[in-house]
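Student: Quick one, fold the following:
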Amino acid sequence: MKNQVQLITYVDRLGGGGLKALQALLTEGGALAGLFGGVHLLPFFHPIDGSDAGFDPIDHTLVDPRLGAWPDVRALTQHLDVMGDVIVNHMSSQSPQFLDYAQRGDASPYAGLFLGLDDVFPNGATEADLLAIYRPRPGMPCTVVPLANGDKRLLWTTFTPSQLDINVQHPQGAAYLQGILQTFASNGIGMVRLDAVGYAIKKPGTSCFMLPETFDFIGRFAAQAKALGTEVLVEIHSYYQRQIEIARQVDWVYDFALPPLVLHALFNGTAAPLKRWIAVRPNNALTVLDTHDGIGIIDIGADPADRTGRPGLVPPAELDALVERIHANSGGTSRQATGAAASNLDLYQVNCSFYDALGRNDSAYLLARAIQFFMPGVPQVYYVGLLAGENDMALLAKSGVGRDINRHHYTPQEIHAALQRPVVQALLALIRLRNAHPAFGGQFNVGDTSSASSTGDAADSDSRLVLRWQQGEHFAELQADLRLGTGQVQHSHAAGPPQTLLLGG
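Tutor: Numbers count the residues shown, from 1 in each chain. From the prediction side, this is the model:
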């Protein structure tokens, strides 16, 4: 994986075209040419417009014809590193495999592919068993499914009734996932993200989330991917200490604690929780501020699975205040997309564009991006965030899906207009600096800000943040005043004295 900024985008929502149009946008002559070392293509397989925006695949090995075909993917990989999603936990109830099973029952060759309640609880599940299961959505983890012969099965549906969980421990489940990996590798995709992998293994008497057996499964899958020359990114929203444990056992993880911690720092004028996280966080991380999902809350909160209440990175009252501040900054629009306000929602996320979460404050937004780019790891920028996008209330009203508030469909004209905005131009300059400056291949440290305090007060010291990269004579340093929400980047320059890039104010 290149140590350069990556783009994460839906193929059809950035310019409204397919794979050829996206390649034209991102490569020589395009408006975004030279900006990214790689691109994460959010689900591009058939269909892209299911009940969960492609995360409920009917055919995981078929490019949606509206976007193009596998030769178009291979063409893009000649210019950029490409990442794709392997949806490990589930597939669509409209998949040919399930339709065959629903028609033929146990006589179907796919009878072992779908996970039934009895597969996990052969002796039956008690109320305590069901309540112990960690849930990303409201309701029970299973759905009653009728078969053509009149029988009924109780199948696992961790996310929605139309997303049927795969029995990844059955030979049919293993073969299904291996087929996806091989298809991706043969078409030049060198990185895969394991979507929803934390829920893939179910075991009686447990939370059925990130078990030791889950790590064993990830290890086996990663070994299969490595044999095909493919790197693996694990996507897990969880308690921060668990994220650290996960990172020790996998290639790459997301730094999902960073987005809410950056908001906390800017809302409260203090870097104290952020600095505590920097001291312990894994460096084999992809840093993000926004993705196709919401802004994580569980990632910095107390451990929901621990009855003793292991504390989070911020106290509960401050976490509640952070959520309310997001709602206030967005003019209440995020509240309409979060919690019980809209369907298909994760309980642990706030649905809002990052730009709106900061009240459309350009200086604060650029400072947040600078913090992201200076953190150890590989930065990913979501397409809406790239264009400092606002909440899409029309799309939310149309779909009723909370996360669609941050999944706008950009026309070419909208992209052109957004690229003229000063905040976007400044963000592009930051991306180019992060990609090209040699200091980011060197050593990272957090500067001591205690001497910067005129009073010696710890709170005054924590209101300042200094992040520095150094490689030989090359350096890049971010200096931030969190109380003012402003900052600057100073960096060495090969052609002369150091240069300063102001982040607004």
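Student: What segments of the stretch 1-150 of the chain are strands?
Tutor: 6-9, 38-41, 45-46, 59-63, 81-87, 90-92, 142-146 (DSSP state E, counting those that start in this stretch).
Student: Could you export the ones you listed to TSV, including columns for mean neighbour count, distance to Gln372 and mean pLDDT?
Tutor: C-beta coordinates here come from the backbone N, C-alpha and C atoms, glycine included. As requested, those are arranged in TSV below (neighbours: other C-beta atoms under 10 Å; distance: least, C-beta to C-beta, whole Å; pLDDT from 0 to 100):
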stretch	mean neighbour count	distance to Gln372	mean pLDDT
strand 6-9	24	12	98
strand 38-41	23	16	98
strand 45-46	22	29	95
strand 59-63	18	31	96
strand 81-87	23	18	97
strand 90-92	25	30	95
strand 142-146	16	39	95
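Student: possible to save these as CSV with distance to Leu177?
Tutor: Listed next are these as CSV, based on distance: least, C-beta to C-beta, whole Å:
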stretch, distance to Leu177
strand 6-9, 22
strand 38-41, 19
strand 45-46, 14
strand 59-63, 9
strand 81-87, 7
strand 90-92, 10
strand 142-146, 21
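Student: May I ask which helix or strand encompasses the closest residue to Tyr254 other than its chain neighbours?
Tutor: With C-beta to C-beta, 6 or more residues apart in numbering as the measure, Leu286 is the residue that lies nearest to Tyr254, at 5.3 Å, once sequence neighbours are left out. Secondary-structure assignment from DSSP states H and E places Leu286 in strand 285-287.
Student: So which other helices or strands are in contact with the helix or strand that that strand is followed by?
Tutor: Downstream of strand 285-287, the next assigned helix or strand under DSSP H and E is strand 295-296. Helices and strands touching strand 295-296, as assessed by 3 or more C-beta pairs under 8 Å, 6 or more residues apart in numbering; DSSP states H and E, comprise helix 258-268, strand 349-350.
Student: How far does strand 295-296 sit from its chain's centre?
Tutor: The chain centre lies 9 Å from the centre of strand 295-296; the measure is C-alpha atoms, centre = their mean, to the nearest Å.
Student: tell me which residues in the next helix or strand after it are buried?
Tutor: Going down the chain from strand 295-296, the next helix or strand is helix 316-329, by DSSP H and E. Neighbour-count burial for helix 316-329, with 16 or more other C-beta atoms under 10 Å as criterion, is recorded at Glu318, Leu319, Leu322, Val323, Arg325, Ile326, His327, Asn329.
Student: and what of stretch 412-429?
Tutor: Counting neighbours by 16+ other C-beta under 10 Å, stretch 412-429 gives Glu414, Ile415, Ala418, Val423, Val424, Ala426, Leu427 as buried.
Student: Give me the contact list for it.
Tutor: Judged by C-beta atoms under 8 Å, 6 or more residues apart in numbering, the contacts made with stretch 412-429 from elsewhere in the structure are 14-16, 25, 31, 35, 362, 365-366, 369, 386-389, 410, 501, 503-504.
Student: Quick check on the residues you listed: which are buried?
Tutor: Under a neighbour-count criterion of 16+ other C-beta under 10 Å, the subset of the contacts of stretch 412-429 counted as buried comprises 14-15, 25, 35, 362, 365-366, 369, 386-389, 410, 501, 503-504.
Student: one step back: is it possible to get JSON lines of the helices and strands packed on strand 295-296 that adds mean pLDDT?
Tutor: Shown next, in JSON lines, are those (pLDDT from 0 to 100):
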{"stretch": "helix 258-268", "mean pLDDT": "97"}
{"stretch": "strand 349-350", "mean pLDDT": "90"}
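Student: closest to Gly442 out of those?
Tutor: Proximity to Gly442, assessed across these by C-beta to C-beta, is greatest for helix 258-268 (20.9 Å).
Student: May I have the closest one as CSV, with CA atoms only?
Tutor: In CSV, the C-alpha atoms belonging to helix 258-268 read as follows (Å, rounded to 0.1, in the frame of the first residue of the first chain):
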residue,chain,number,x,y,z
LEU,A,258,-9.8,9.7,15.1
PRO,A,259,-12.9,11.4,13.6
PRO,A,260,-14.8,11.8,17.0
LEU,A,261,-11.6,12.7,18.8
VAL,A,262,-10.8,15.4,16.3
LEU,A,263,-14.3,16.8,16.7
HIS,A,264,-13.9,16.6,20.5
ALA,A,265,-10.6,18.5,20.3
LEU,A,266,-12.1,21.3,18.2
PHE,A,267,-15.3,21.5,20.1
ASN,A,268,-13.6,21.6,23.5
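Student: Cool, thanks, signing off.
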